[in-house]
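S.K.: Sharing a model that was predicted from the sequence below.
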Amino acid sequence: MKNIEDILRETGGDGRFQLIFITFVTLPRLPMMWIMLEMSYANYVPEWCCLPDNQTSQSEESLAQSYCYHQNSNISMFSKSCTRNNSTCDQKFFTTGTDTIVNEWDLVCDKKWIVPMATSIQMAGVLVGAFLGGQLADWIGRKKTLFVSIFVCGVFNTVGGFSVSWEMFLSMRFFIGVAIGGFLVVPMPYMMEFLSPSIRAFPTLIPASQFGAALMALTAWKIPDWRWLHWIGGAIAIPTAIGYFFVPESLRWLTVQGRIEEAEDVVKHIAKLNKKPVPKDCVDILKGIADRESQSASKRYTYIHLYKDWNLLKTSVILQFLWCVLSMGSYGMSFSAASLGFNLYLNIFIMNMVVIPFNLSLTCLVNKKLPPPPLSSVFIPA
């Protein structure tokens, strides 16, 4: 019995259509990772001084008498800098030329908890968005979920750059996180549904996310202003949503939903771009898949279905644990890049660029279909 893979094989599973499709779906990863890692710069704590009570501006004398501490100083010493002569430090002067949310709203001393909270709120939004995005991709389609998430993220990121208070900023970062989470879960399964097995590993080697993070670091180095990083990130993200008008909805999703005519149009579009004939039994294959789905006990699937079968349960839990650990390590290092010493911008740049050669090597391993042990062993050094 033929299936959608057979249709893709006959219309070309690695042709011009796939190249255009991969480009429009992969390109948004660049601005989305830029936006995700904006917090690695925005939460940076610049060098600052507690000025004496009789000083209202920076001067050589006041700097000599004040306590200047850097984020990398000992934690207990950093806390002591919040007081002077047993009284609360009311006047602070940030000594470096970086504009972050810390010196924007004086987020040190009794407000220093807000800085890590901002990142946590964003990642909480990512978690919510990932749950919603996965479910929405099944309910309203991969295409709408993907490109709406991109557009919404760009809009909220732009608005976030106009934040007038730290409360507004944290709210914007939550919704930005939701949009990022909705985006992250869609591209890979969306692309897999249009690619032949021989090239399914190819999209994983495209370092769009790494280039996005590295570009953000370079831009922050030249324009050390958190507001401009937000505006530039939004200006890059919103145009990439134009892919909505150039890529089709998932052929598999349309078929399962019983939208046969639309699915047939997608097949014709693929065949036209790949210069292949449309399979004569295309409609019959699509109708057969739709009929089998309509006879299923449950037409709509939820996350609960991942845990109803023992094999699915085991696989899901293992993969979720691995992704959790890897994400904690990766994002943990990225968001605390300033704590690694040396140079904040260079730290972010190197951490992302060093991943590229590993992506290339791992893709080669996947394409060679090596047994599980060699592939799973890469998690040990990680």
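M.R.: Arrived safely. Residues are numbered from 1 along each chain as shown.

S.K.: now the strands: where do they sit in the protein?
M.R.: With DSSP state E as the criterion, the chain has strands at 48-50, 67-69, 83-84, 87-88, 92-94.

S.K.: just for the chain, where's the confidence low?
M.R.: Low-confidence segments of the chain (pLDDT under 70): 1, 51-93, 95-96, 296-300, 362-382.

S.K.: redo that, cut-off 50
M.R.: Along the chain, the model assigns pLDDT under 50 to residues 57-58, 60-67, 69-80.

S.K.: Check whether residue 101 really touches residue 43, as I assumed.
M.R.: Yes - between residue 101 and residue 43 there is a contact at 6.7 Å, judged by C-beta atoms under 8 Å. (Glycine included, C-beta is placed from N, CA and C.)

S.K.: Need the overlap of contacts for the two.
M.R.: Counting by C-beta atoms under 8 Å, 6 or more residues apart in numbering, the shared contacts of residue 101 and residue 43 are 115, 118.

S.K.: tell me, how many neighbours does the spatially closest residue to residue 35 that is not a sequence neighbour end up with?
M.R.: Using C-beta to C-beta, 6 or more residues apart in numbering and skipping the chain neighbours, the partner closest in space to residue 35 is residue 233 (4.6 Å). For residue 233, the count of nearby residues is 29 (other C-beta atoms under 10 Å).

S.K.: Distance of residue 226 relative to residue 39?
M.R.: Per C-beta to C-beta, to the nearest Å, residue 226 is found 9 Å from residue 39.

S.K.: Correction: the previous question concerned residue 326.
M.R.: Distance from residue 326 to residue 39, counting by C-beta to C-beta: 19 Å.

S.K.: Among the two, which residue is more densely surrounded?
M.R.: Legend: neighbour count by other C-beta under 10 Å for residue 326 and residue 39, higher for residue 39 (26 against 12).

S.K.: List the contacts of the more buried one.
M.R.: Counting by C-beta under 8 Å, 6+ apart, residue 39 touches 118-119, 122, 173, 335.

S.K.: which of those are buried?
M.R.: 118-119, 122, 173, 335 (16 or more other C-beta atoms under 10 Å).

S.K.: Quick check: the two most widely separated of these?
M.R.: Farthest pair in the buried ones among the contacts of residue 39 (C-beta to C-beta) is 173 and 335. Separation: 12.0 Å.

S.K.: Can you give the distance from stretch 339-356 to the centre of its chain?
M.R.: Relative to its parent chain, stretch 339-356 has a centroid offset of 18 Å by C-alpha atoms, centre = their mean, to the nearest Å.

S.K.: how about it: buried residues?
M.R.: 344-345, 347-352, 355.

S.K.: Which residues does stretch 247-261 contact?
M.R.: For stretch 247-261, the external contacting residues (C-beta under 8 Å, 6+ apart) are 4, 7-8, 20-21, 24-25, 138, 141-144, 190, 193-194, 262-263, 265-267, 269-270, 283, 286-287, 289-290, 293-294.

S.K.: any chance you could map the helices in the stretch 251-382 of the chain?
M.R.: Here the stretch 251-382 of the chain has its helices, by DSSP state H, counting those that start in this stretch, at 251-256, 260-274, 282-294, 310-335, 344-353, 355-367, 372-376.

S.K.: For these, give me TSV that also has distance to residue 97.
M.R.: As requested, these are exported to TSV (distance: least, C-beta to C-beta, whole Å):
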stretch	distance to residue 97
helix 251-256	50
helix 260-274	50
helix 282-294	60
helix 310-335	22
helix 344-353	13
helix 355-367	30
helix 372-376	46
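
S.K.: Which one of these lies nearest to residue 177?
M.R.: Comparing these by C-beta to C-beta, helix 310-335 comes nearest, at 11.5 Å.

S.K.: in the closest one, what counts as buried?
M.R.: In helix 310-335, counting by 16+ other C-beta under 10 Å, buried: 331, 334-335.

S.K.: residue contacts, the closest residue to residue 172 other than its chain neighbours?
M.R.: Excluding the flanking residues, the one nearest residue 172 by C-beta to C-beta, 6+ apart is residue 160, at 3.5 Å. For residue 160, the contacting residues are 169, 172-173, 176, 230, by C-beta under 8 Å, 6+ apart.

S.K.: Quick check: the gap between residue 160 and residue 146.
M.R.: 21 Å.

S.K.: what does residue 47 give?
M.R.: Using C-beta to C-beta, residue 47 is found at 42 Å from residue 146.

S.K.: ok, these two, which is more surrounded?
M.R.: Under the criterion of other C-beta under 10 Å, the comparison of residue 47 against residue 146 puts residue 146 first, with 27 against 15.

S.K.: What separation do you get for the more buried one and residue 115?
M.R.: Shown here: residue 146 relative to residue 115, a distance of 32 Å by C-beta to C-beta.

S.K.: what do you get for residue 26?
M.R.: Counting by C-beta to C-beta - residue 26 and residue 115 are separated by 33 Å.

S.K.: can you check residue 196 too?
M.R.: 47 Å.

S.K.: And residue 175, by the same measure?
M.R.: Look at residue 175 and residue 115: by C-beta to C-beta, they are 19 Å apart.
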